[in-house]
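Peer 1: Sequence plus the predicted model coming up.
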Amino acid sequence: MKRSYFQSLARDLEAPIEARGFGTGWFSGFFALVLAIFGLCSVVALRWPDWAGMPELGLLRDDSSFRVVVHGTLLVAYALALLSLILRPRKAIGATALVIALAATILGGAAVQADETRDWGIFFGLDFFAVNMVATGLMFAPLERFAPHIGSQRLFRQEWREDLFYYLVSSMMVQLITFLTLAPSSYINTHGDWLTGTRQFVSNLPWLVQFVLAMLVTDLAQYWFHRLFHRVPFLWGFHAVHHSAKSMDWLAGARMHFIEIVLLRGVTSLPLLTLGFLPSVMQAYIGLVYVWSSLLHANLRGDFNRLGAWLALPRFHHWHHAIDPEGIDKNFAIHFPIYDRIFGTYYLPDSVWPSGYGVPERVPNGYWAQFRYPFVRKQGQDGA
């Protein structure tokens, strides 16, 4: 019974475009589901802050206006869920959103009080997942609907469930990922007295100059890290998981092997945490990266032939994911294509998009199969 219900929900979410137009109740159900999940995650984080909430988001949770937002979110979720149930012959989306919103209300809603828990120093970032989902999902999902590069591509396209699970894992495991990725910079900060002068110089620069410098330095580090994962066969096994997505949209950027996430964040955080950038600069840059990653993978039209030569935009990064031979091992930069120009890996023909995405080798489906893939992958398979 449970399995058939979730299959019905998946079929309803994956309904063809003609069955999800305005007036069908699909959009009201979808937004009800997103808002209900946000409300439930927020209520759980408020009720069990030691386990379900990020310490860094404590100020947000303690702000009285946050509870007003949660209350309003649940009310809107209720209204949209009921509208979907009225308009839509298939009730799976609206019913699921209604049940999730009810669960949040039963747990205490916006007025929930924190339960005393034994703090073992371990937490799961449910609030972080909720904030990320709203900040990126509600930003890019409508944009992809109204200005798509591939108009026939559905919001809930093939493999969306895998990528959403990747998104959830990377948010929920934020504590473990942070602990592992901070290890290199913590060591350098402890033993790096030779950087004292550099840190003082960087910290005294104007805020905007620091922000641009942070983008330039981290992009250079990430360029070579990214290129290394394409060149070393064993490392390519991890990165092939990311490239295995056959469709590009804002959610595809979340598909990344756990080991690669740890290594990537460890490398790119080194300049941010060791060169003396102000904390506010680092926080702003981290916020930008979350949005930028979704933008690069988004299913958005726009050739941007001139601007795209100097600033990484969707078409530039889509060529990095291309199955076309001319796009393989090209466009490694995340922010500034100038690095690809300098090091000979730039490819962006005017107004031309890739014919498809993916990798020649067969990467299995499913999170756990993909987690094991780099360790069982046959040596001799070339990278893309």
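Peer 2: Yep, that arrived.

Peer 1: Please enumerate residues in contact with the host helix or strand of V209?
Peer 2: Using DSSP states H and E, the element containing V209 is helix 207-231. Contact partners of helix 207-231, identified using C-beta atoms under 8 Å, 6 or more residues apart in numbering, comprise 202-203, 205, 235-236, 238-239, 260, 263-264, 267-268, 270-272, 275, 277-278, 280-282, 284-285, 288, 329, 332-336, 339-340, 343, 345, 383-384. (C-beta placed from N, C-alpha, C; glycine too.)

Peer 1: next one: whatever helix or strand comes next after it to chain centre, how far?
Peer 2: Next helix or strand after helix 207-231 toward the C-terminus (DSSP H and E): helix 233-243. From the chain centre to the centre of helix 233-243 is a distance of 18 Å (C-alpha atoms, centre = their mean, to the nearest Å).

Peer 1: just checking, what packs against the next helix or strand along the chain from helix 233-243?
Peer 2: Using DSSP H and E, the helix or strand that directly follows helix 233-243 along the chain is helix 258-274. When contacts are defined as 3 or more C-beta pairs under 8 Å, 6 or more residues apart in numbering; DSSP states H and E, helix 258-274 packs onto helix 174-191, helix 207-231, helix 233-243, helix 279-297.

Peer 1: tally of neighbours for E144?
Peer 2: 22 (other C-beta atoms under 10 Å).

Peer 1: Quick check: it is in a helix.
Peer 2: Yes - with DSSP: H, G, I helix; E, B strand; the rest coil as the criterion, E144 is assigned to a helix.

Peer 1: That one contacts N299, correct?
Peer 2: Yes - under the criterion of C-beta atoms under 8 Å, E144 makes contact with N299 at 4.7 Å.

Peer 1: what stretches of the protein score poorly on pLDDT?
Peer 2: Residue ranges of the chain with pLDDT under 70: 1-3, 52-56, 115-128, 171-183, 189, 191-192, 379-384.

Peer 1: okay, which residue is most central for it?
Peer 2: A254 (4.4 Å; C-alpha atoms, centre = their mean).

Peer 1: State the helix or strand in which L9 lies.
Peer 2: Residue-wise, L9 maps onto helix 2-13 under DSSP H and E.

Peer 1: quick one, phi psi at the nearest residue in space to I150 that is not next to it in sequence?
Peer 2: Computed as C-beta to C-beta, 6 or more residues apart in numbering, the closest residue to I150 that is not its neighbour in sequence is N299, at 5.8 Å. With angles defined as degrees, to the nearest 10, N299 shows backbone torsions of phi -90, psi 70.

Peer 1: Now do S203 against M215, distance only.
Peer 2: Going from S203 to M215 by C-beta to C-beta, to the nearest Å gives 17 Å.

Peer 1: Correction: the previous question concerned L273.
Peer 2: 15 Å.

Peer 1: same deal with P360?
Peer 2: Counting by C-beta to C-beta - P360 and M215 are separated by 33 Å.

Peer 1: I'd like the secondary structure assignment at A97, please.
Peer 2: helix.

Peer 1: if I look at E144 and N299, which residues touch both of them?
Peer 2: Shared contacts of E144 and N299 (C-beta under 8 Å, 6+ apart): Q153, D249, W250.

Peer 1: give me every residue that touches the first one.
Peer 2: For Q153, the contacting residues are E144, S247, D249, N299, by C-beta under 8 Å, 6+ apart.

Peer 1: please redo it, this time with the cut-off set to 10 Å
Peer 2: The neighbours of Q153, taking C-beta atoms under 10 Å, 6 or more residues apart in numbering as the test, are I17, E144, S247, M248, D249, N299.

Peer 1: Which two among those residues are spaced furthest apart?
Peer 2: Of all pairs drawn from these, the greatest distance, 17.6 Å, lies between I17 and M248 (C-beta to C-beta).

Peer 1: more crowded one of the two?
Peer 2: The neighbour comparison of I17 against M248 (other C-beta under 10 Å) goes to M248, with 26 against 13.

Peer 1: gap between that one and S293?
Peer 2: Taken as C-beta to C-beta, the span from M248 to S293 is 12 Å.

Peer 1: Repeat that for I286.
Peer 2: Distance from I286 to S293, by C-beta to C-beta: 11 Å.

Peer 1: do the same with F371
Peer 2: Computed with C-beta to C-beta, the distance linking F371 and S293 is 20 Å.

Peer 1: what does P184 give?
Peer 2: Using C-beta to C-beta, one gets 21 Å for the distance from P184 to S293.

Peer 1: now Y167
Peer 2: 11 Å.

Peer 1: between those two, what contacts are shared?
Peer 2: T136, W250, G253, A254, M256.

Peer 1: doesn't R161 make contact with the residue nearest to the centre of the chain?
Peer 2: No - between A254 and R161 there is no contact under C-beta atoms under 10 Å: 11.8 Å.

Peer 1: Now do I17 against A141, distance only.
Peer 2: Relative to A141, and taking C-beta to C-beta, I17 is found at 14 Å.

Peer 1: Same check on G266?
Peer 2: Distance of G266 to A141, computed by C-beta to C-beta: 31 Å.

Peer 1: what does Y347 give?
Peer 2: Y347 sits 29 Å away from A141, going by C-beta to C-beta.

Peer 1: Could you do K378 as well?
Peer 2: 37 Å.

Peer 1: More neighbours: which of those two?
Peer 2: A141 (18 against 7).

Peer 1: In this structure the more buried one contacts L13, no?
Peer 2: No - using C-beta under 10 Å, A141 makes no contact with L13, being 12.0 Å away.

Peer 1: Can you check which residues contact both of the two?
Peer 2: F30, L155, F156.

Peer 1: TSV please, covering those residues and showing secondary structure.
Peer 2: Listed next are the shared contacts of A141 and L13 as TSV, based on three-state DSSP:
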residue	secondary structure
F30	helix
L155	coil
F156	coil
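
Peer 1: Surely R90 touches S8?
Peer 2: Yes - the pair R90 / S8 is scored as a contact, 7.4 Å apart, by C-beta under 10 Å.
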